[in-house]
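>>> here is my input; please provide its structure:
(2 chains)
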Amino acid sequence: MLSKRIIPCLDVRDGQLTKGVKFQGNVDLGDPVEVARRYYEEGADEIVFYDITASAEGRSIFLDVVEKVAETIFIPFSVGGGISSVAQMRAVLLAGAEKVSLNSAAVTNPGLISEGAAAFGSQAIVLGMDARKVPVTATIPSGYEIVIRGGRTPTGLDALAWAKKAEELGAGEICLNAMDADGTKDGYELTITSMVSEAVSIPVIASGGAGHPDHLYQVLTRGRASAALVASIVHFNEYSIADLKNYLKERDCPMREIRQGH
Amino acid sequence: MIAIIDYQAGNQTSVRRALEHLGLESEITADPERLRQATGLIFPGVGAAGQAMGLLTETGLDSTIRELVTAGRPFLGVCLGCQIMLESSEENDTKTLGIISGRNVRFDPAGRDEAGHPIRIPHMGWNNLRPVQETALLSGISEKDQFYFVHSYYPLPAPEYILGVTRYGVEFSSVFGREGLWAVQFHPEKSGPPGLRLLRNFHEYCVRAERGEV
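Model (predicted):
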């Protein structure tokens, strides 16, 4: 049976994690390669890296990080943050990532999705979208608007319409971040997640709001998401990946098991 | 040395990194001479069947592959590489290598998962593999192990070649072939410990084949 995926998300600036990650023993770890290795060993199904570096120098450091990660973990991982050209996509894929995540640049230039899909296949293209709850209007019938540049700029795009458009253009997966839930630890936004999941036939990764294992259970069942992105819930040692998986498995949510003995 | 056939497939470097991690010597090459010198061949692949087949024909790699398979050189096709080993694909309506009889078809969007929801296409993520025939490639691998899949078309080989099956809307053959000539739909290089185990099994078979022990 196809498992639901749990995907830790790591923000990287100038080659270092922006917030330290604490594992058992409360050791602060800022090295993204080391943290990726720990999550891999704990049973993460995939890992997402966001490069939040602004400078060109920081970007080349980031590519070195991607290469080292690819030599260290043997599960898929994706890379996002400021990617706005096919050349940039090629650079991170060649460095060893399986997928690139497009966000703001795809809103400004939707052709980027189809160019990426044509060059590398749909499986390599994730559309990252940040959605915020707004009053329902004729232009935003779903009541969720796409915002870009870290939530600072509203776009006037309806989240549901944009998700469908991205699928048509060739995105292989959607990572849906609900801005209102992001950082609250009050749970994922189930309404927009299930709306998008039902509107498209590609997999949807839910993002934003995880604070308790039940939040993952809700979004993977009622929210119909294929995967759940997790950040601070695992970074600060509140729960391990294994804790989350055990909780979900006990509730009959299909999870990949790590079996010893290979 | 295991040769990874170079035709610019997206995952060829990942396959090399996984072999390197296992301490195994490998080389990404399109040089027919180097391919002939290899103890075994891995045929990677990501993307669309039509484009990949076009590249193989243009470079003449298609005939080198046929030659080495006929000579009995251990061979492992991965993902798109596995599909291309069959005779044809519905994807771009492509005639493929025809090393093993069978064809590739698209997942039916009307297919249902275990919860009764329509399946999502591509089939993306971790899924089980149920071995149906004993084979050296799957030594030590159990039904509990999961592997990473990403594909919209699935292989439909002739029944005698089916070695392992996976359920996604339908039950399809995720491992097929015969001893020494294997095809896997998932990505062993991205499937954690059981995937690495499978690659090691392949290497061990190559070593035994070179010594004339198989």
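>>> hey, let's count contacts and neighbours off CA atoms from now on
Fine.
>>> in the chain, which spans are strands?
This is for chain A. Taking DSSP state E to define them, one finds strands in chain A at A:5-13, A:16-17, A:21-23, A:27-29, A:47-51, A:77-80, A:99-102, A:125-133, A:144-148, A:153-158, A:173-178, A:204-207, A:227-230.
>>> my bad, the chain I had in mind was chain B
Assigned strands in chain B, in chain order: B:2-5, B:26-29, B:40-43, B:75-78, B:88-89, B:94-95, B:102-106, B:123-128, B:130-131, B:146-151, B:153-157, B:162-168, B:170-178, B:181-184 (criterion: DSSP E).
>>> list the buried residues for the last one?
By that I understand strand B:181-184. Taking 16 or more other CA atoms under 10 Å in any protein chain shown as the neighbour-count basis, strand B:181-184 is seen to contain the buried residues B:L181, B:W182, B:A183, B:V184.
>>> who in chain B is up against chain A?
With the criterion set to CA under 8 Å from any CA of the partner chain, chain B comes near chain A through B:10, B:13-14, B:17-18, B:21, B:46-48, B:114, B:119-122, B:124-128, B:140, B:144-146, B:148, B:150-151, B:166-168, B:189-194, B:197.
>>> ok, back up a step: need the strands of chain A in a markdown table with mean pLDDT, can you?
Formatted as a markdown table, the entries for those read as follows, by pLDDT from 0 to 100:
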| stretch | mean pLDDT |
| --- | --- |
| strand A:5-13 | 95 |
| strand A:16-17 | 90 |
| strand A:21-23 | 75 |
| strand A:27-29 | 72 |
| strand A:47-51 | 95 |
| strand A:77-80 | 96 |
| strand A:99-102 | 96 |
| strand A:125-133 | 97 |
| strand A:144-148 | 96 |
| strand A:153-158 | 96 |
| strand A:173-178 | 97 |
| strand A:204-207 | 98 |
| strand A:227-230 | 98 |
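>>> most tightly packed of these?
Highest mean neighbour count among the strands of chain A (mean count of other CA atoms under 10 Å in any protein chain shown): strand A:204-207, with a mean of 29.
>>> I'd like to know which elements it is packed against.
For strand A:204-207, the helices and strands in contact under the criterion 3 or more CA pairs under 8 Å, 6 or more residues apart in numbering or on different chains; DSSP states H and E are strand A:173-178, helix A:190-199, strand A:227-230.
>>> just checking, what's the longest helix in chain B?
Across chain B, the helix with the greatest residue count (assigned by DSSP state H) is helix B:192-210.
>>> just the angle between that one and strand B:146-151, please?
Helix B:192-210 and strand B:146-151 are oriented at 90 degrees to each other (axes from the mean of the first three to the mean of the last three CA atoms, to 10 degrees).
>>> which one of the buried residues of strand B:181-184 is nearest chain A?
Closest to chain A out of these is B:V184 (16.5 Å), distances taken as CA to the nearest CA.
>>> list the beta-bridge partners for that closest one.
Taking DSSP bridges, one obtains B:V78, B:V175 as the residues bridged to B:V184.
>>> quick one, what contacts it?
Shown in contact with B:V184 (CA atoms under 8 Å, 6 or more residues apart in numbering or on different chains): B:L76, B:G77, B:V78, B:C79, B:C82, B:S174, B:V175, B:F176.
>>> got the confidence number for the fourth one?
If I follow you right, that is B:C79. Note for B:C79: predicted pLDDT of 93.
>>> so who does it touch?
Going by CA under 8 Å, 6+ apart, B:C79 touches B:P44, B:G45, B:V46, B:H151, B:A183, B:V184, B:Q185, B:F186, B:H187.
>>> tell me the most packed of these, by neighbour count.
The most crowded member of the contacts of B:C79 is B:A183, carrying 32 neighbours; neighbours defined as other CA atoms under 10 Å in any protein chain shown.
>>> I'd say it and B:V78 touch.
Yes. Counting by CA atoms under 8 Å, B:V78 is a contact partner of B:A183 at 6.1 Å.
>>> any low-confidence regions in the chain?
As the question left the chain open, I've gone with chain A. When residues are selected by pLDDT under 70, those of chain A lie in A:24-27, A:54, A:261.
>>> my bad, the chain I had in mind was chain B
Low-confidence regions of chain B, defined here as pLDDT under 70, do not occur.
>>> quick one: terminal-to-terminal distance for stretch B:138-157?
Length of stretch B:138-157, first residue to last, CA to CA, to the nearest Å: 18 Å.
>>> next one: that stretch to chain centre, how far?
Offset of stretch B:138-157 from its chain centre (CA atoms, centre = their mean, to the nearest Å): 10 Å.
>>> flag every buried residue along it.
Within stretch B:138-157, the residues that count as buried by 16+ other CA under 10 Å are B:138, B:141, B:145-157.
>>> before we move on, what about stretch B:89-99?
By neighbour count, with 16+ other CA under 10 Å as the criterion, the buried positions of stretch B:89-99 are B:S89, B:T94, B:K95, B:T96, B:L97, B:I99.
>>> end-to-end on it?
Terminal-residue distance, stretch B:89-99 (CA to CA): 13 Å.
>>> and what of stretch B:80-95?
Distance across stretch B:80-95, first residue to last, is 13 Å (CA to CA).
>>> contacting residues around it?
In this structure, residues lying in contact with stretch B:80-95 by CA under 8 Å, 6+ apart are B:43-50, B:53, B:76-77, B:96-106, B:153-155, B:157, B:182-185.
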